[in-house]
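[1] Structure for this input, please:
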Amino acid sequence: DADGERLYKELLRCGVVVRFFGTQGGALSAHVRLSAPRSADVPRVLAAFRAARDGELAVQNERARVAAVAALDAREGERTAFLFDLDGVLADVSQSYREAIRGTYQHFVGRALAADAIAIAKAKGDANNDWVVTHRLIVAALGADAQHPSFEDVRDYFEKLYHGGLWRREKLLVSKRRLQALADVAPLALVTGRPREPDTRRFLEQYDLGELFGDRVVCMGDAPAKPSPAPVLLALQKNGYRSITVCVVLRRHRRRHGGRRRRRCTTHWCTACRG
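    Sure thing, here's the model as predicted:
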């Protein structure tokens with residue numbers, strides 16, 4: 001996609017961390033992904049995106065470039081929404097879903113799961129469903145010649161552990177006050193791979209977040225799974241939007257900073273999503 005490639009190169013020149021999916025084909029071939037490692041970077045990244053999208057950053061003087069971005073950022077009429085993933089963004093699942101993976105693995109394999117095994121499995125991609133990830137880890141550990149538990153058996157044991165009490169260990173990672181501050185600026189929506197009942201509903205009720213998200217919640221089974229853009233597009237439809245700028249908060253990760261480890265959110269911006 002020529003426009004996508006032009007946008008990609010323009011954003012690189014602006015110092016924005018961006019990935020272009022045009023070489024991969026498929027549903028994401030016309031998409032770019034923007035990253036804003038710090039919250040303070042979000043306005044600059046969004047402004048640069050708007051400017052690059054409109055082809056108005058073809059200026060060589062850096063001072064003129066910054067002025068152009070600032071002017072574009074002040075435009076009125078831009079419709080914005082904040083779309084959140086749930087696990088690892090709003091909910092700390094290290095002692096719930098991750099512990100269910102470890103417990104299920106030990107039950108079927110007979111030994112503890114390596115400390116970094118889940119992270120490695122997630123990094124390989126196509127790992128949004130923890131039931132599937134757990135089954136893969138078990139099959140790989142038992143070997144090709146062994147008798148493997150069925151996916152259904154693994155799923156059922158996982159659910160037994162999770163709903164048996166692990167879900168109570170989940171903590172809210174972002175204060176309700178901060179979410180309310182965002183909701184005062186633009187609508188919030190939730191896009192998660194969790195089942196709606198009871199997993200998602202129960203977490204929202206536990207931390208009294210239901211009113212902030214309303215019916216703008218997309219869960220497992222509502223649309224094709226991520227990384228398909230369908231869940232995000234459905235969330236936009238629930239907002240009644242056809243062409244908007246969207247901030248999608250996908251995950252939290254740890255970074256070293258001054259000898260300490262700090263949690264950061266990875267934030268991606270996209271625009272012009274049309275139904």
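
[2] Is the residue sitting furthest away from the middle of the chain in a helix, a strand, or coil?
    Farthest-out residue of the chain from its mean C-alpha position, per C-alpha atoms, centre = their mean: Asp145, at 36.7 Å. Secondary structure for Asp145, judged by DSSP: H, G, I helix; E, B strand; the rest coil, is coil.

[3] Distance check, it against Leu86.
    As judged by C-beta to C-beta, to the nearest Å, Asp145 and Leu86 stand 38 Å apart. (C-beta placed from N, C-alpha, C; glycine too.)

[4] again, but for Leu236
    According to C-beta to C-beta, Leu236 and Leu86 sit 17 Å apart.

[5] Show me which of the two is the more surrounded one.
    Neighbours of Leu236 and Leu86, each counted by other C-beta atoms under 10 Å, are more numerous for Leu236; the result is 25 against 21.

[6] Give me the mean pLDDT for whatever helix or strand Ile118 lives in.
    Taking DSSP states H and E as the definition, one finds Ile118 inside helix 117-123. Here helix 117-123 scores 90 as its mean pLDDT.

[7] Equivalent analysis for stretch 177-192, please.
    Average pLDDT, stretch 177-192: 87.

[8] Let me see the ranges of the helices in this protein.
    Ranges of helices within the chain are 2-13, 42-53, 62-73, 97-109, 117-123, 130-142, 151-163, 176-183, 201-206, 210-213, 230-239, based on DSSP state H.

[9] and the ones you listed, which one is worst for confidence?
    helix 62-73 (a mean of 45).

[10] how near is Gly165 to Glu205?
    17 Å.

[11] Nearest to Thr80, out of the helices of the chain?
    Closest to Thr80 of the helices of the chain is helix 42-53 (C-beta to C-beta; 8.4 Å).

[12] just checking, what packs against that closest one?
    Here helix 42-53 touches helix 2-13, strand 32-35, helix 62-73, strand 245-257, strand 260-271, going by 3 or more C-beta pairs under 8 Å, 6 or more residues apart in numbering; DSSP states H and E.

[13] now the first one against helix 42-53, angle please.
    This points to helix 2-13. Angle, helix 2-13 to helix 42-53, by axes from the mean of the first three to the mean of the last three C-alpha atoms, to 10 degrees: 140 degrees.

[14] in helix 2-13, what counts as buried?
    7-8, 10-11 (16 or more other C-beta atoms under 10 Å).

[15] elements contacting that helix?
    Against helix 2-13 (3+ C-beta pairs under 8 Å, 6+ apart) you get strand 17-20, strand 32-35, helix 42-53.

[16] Using CSV, lay out the ones you listed together with distance to Leu137.
    Below are the helices and strands packed on helix 2-13 laid out as CSV (distance: least, C-beta to C-beta, whole Å):
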stretch, distance to Leu137
strand 17-20, 27
strand 32-35, 27
helix 42-53, 35
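
[17] Could you export those as CSV, including distance to Val174 and mean neighbour count?
    Converted to CSV, these look like this (distance: least, C-beta to C-beta, whole Å; neighbours: other C-beta atoms under 10 Å):
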stretch, distance to Val174, mean neighbour count
strand 17-20, 22, 18
strand 32-35, 18, 20
helix 42-53, 15, 21
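
[18] Reformat the helices of the chain as a markdown table; add distance to Thr192.
    Below are the helices of the chain laid out as a markdown table (distance: least, C-beta to C-beta, whole Å):
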| stretch | distance to Thr192 |
| --- | --- |
| helix 2-13 | 27 |
| helix 42-53 | 21 |
| helix 62-73 | 30 |
| helix 97-109 | 12 |
| helix 117-123 | 15 |
| helix 130-142 | 12 |
| helix 151-163 | 15 |
| helix 176-183 | 15 |
| helix 201-206 | 9 |
| helix 210-213 | 11 |
| helix 230-239 | 8 |
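
[19] looking at these, which is closest to Leu190?
    helix 210-213 (5.1 Å).

[20] Any idea how far that closest one is from the middle of the chain?
    19 Å (C-alpha atoms, centre = their mean, to the nearest Å).

[21] from what I can see Leu11 touches Ala52, true?
    Yes: assessed by C-beta atoms under 8 Å, Leu11 is found in contact with Ala52 at 5.1 Å.
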